[in-house]
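Visitor: got a predicted structure here, sequence first:
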Amino acid sequence: MNRKVFGALLMAALLGLSSAGAAMAKPMGYGQGDFGWGAGVGMGPGHHGMMRGDFYGGPVDPKDVPKDVQDMMREAQRLRLQMRLALTEDKVDAGKVRSLFEKLHDINGKIGRWRIEEAIKRSASR
């Protein structure tokens, strides 16, 4: 076999193996993996645990989530994005970031209270 043909075949095989390996790789991060925050909580945008079935008392159909709670979830997502954007500025406005954080913390508290009340209701109905 010609050296050039052999080299081309070897390169094609190595490229195929490396592509297959890269396709099989799975990054560890939010909503993935077996440790910490990534243990299936689905922390990405729109992937709230309760809507994915990781809710305290079992799966919750998104249709069962009241509109005001859904609105709070969307607002929390918007605030998270605004806060991340504010932190990327060359000169970070600490007051703005703190204000966004306080609003986000307040909304997350309201959502958490709703979640625990729903869990209590579901536990009582079993």
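Guide: Yep, that arrived.

Visitor: use CA for all of it now, contacts and neighbours both
Guide: Noted.

Visitor: my guess is residue 108 contacts residue 76, does it?
Guide: Yes - contact status for residue 108 versus residue 76: in contact at 7.1 Å, counting by C-alpha atoms under 8 Å.

Visitor: name the helices or strands packed onto the lengthiest helix in the chain?
Guide: Longest helix in the chain by number of residues, with DSSP state H as the criterion: helix 94-124. Under the contact criterion of 3 or more C-alpha pairs under 8 Å, 6 or more residues apart in numbering; DSSP states H and E, helix 94-124 touches helix 67-87.

Visitor: so which bits of the helix it packs on are buried?
Guide: Across helix 67-87, burial judged by 16 or more other C-alpha atoms under 10 Å covers 72-73, 75-77, 79-80, 83, 86.

Visitor: kindly report the same for stretch 84-103.
Guide: The neighbour-count check on stretch 84-103 (16+ other C-alpha under 10 Å) flags 86, 97, 100-101, 103 as buried.

Visitor: could those go into a markdown table alongside pLDDT and distance to residue 14?
Guide: Formatted as a markdown table, the buried residues of stretch 84-103 follow (pLDDT from 0 to 100; distance: C-alpha to C-alpha, whole Å):
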| residue | pLDDT | distance to residue 14 |
| --- | --- | --- |
| 86 | 95 | 44 |
| 97 | 96 | 48 |
| 100 | 96 | 49 |
| 101 | 96 | 49 |
| 103 | 97 | 52 |
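
Visitor: can you redo those as a markdown table with distance to residue 6?
Guide: Output for these, formatted as a markdown table (distance: C-alpha to C-alpha, whole Å):
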| residue | distance to residue 6 |
| --- | --- |
| 86 | 55 |
| 97 | 59 |
| 100 | 61 |
| 101 | 60 |
| 103 | 64 |
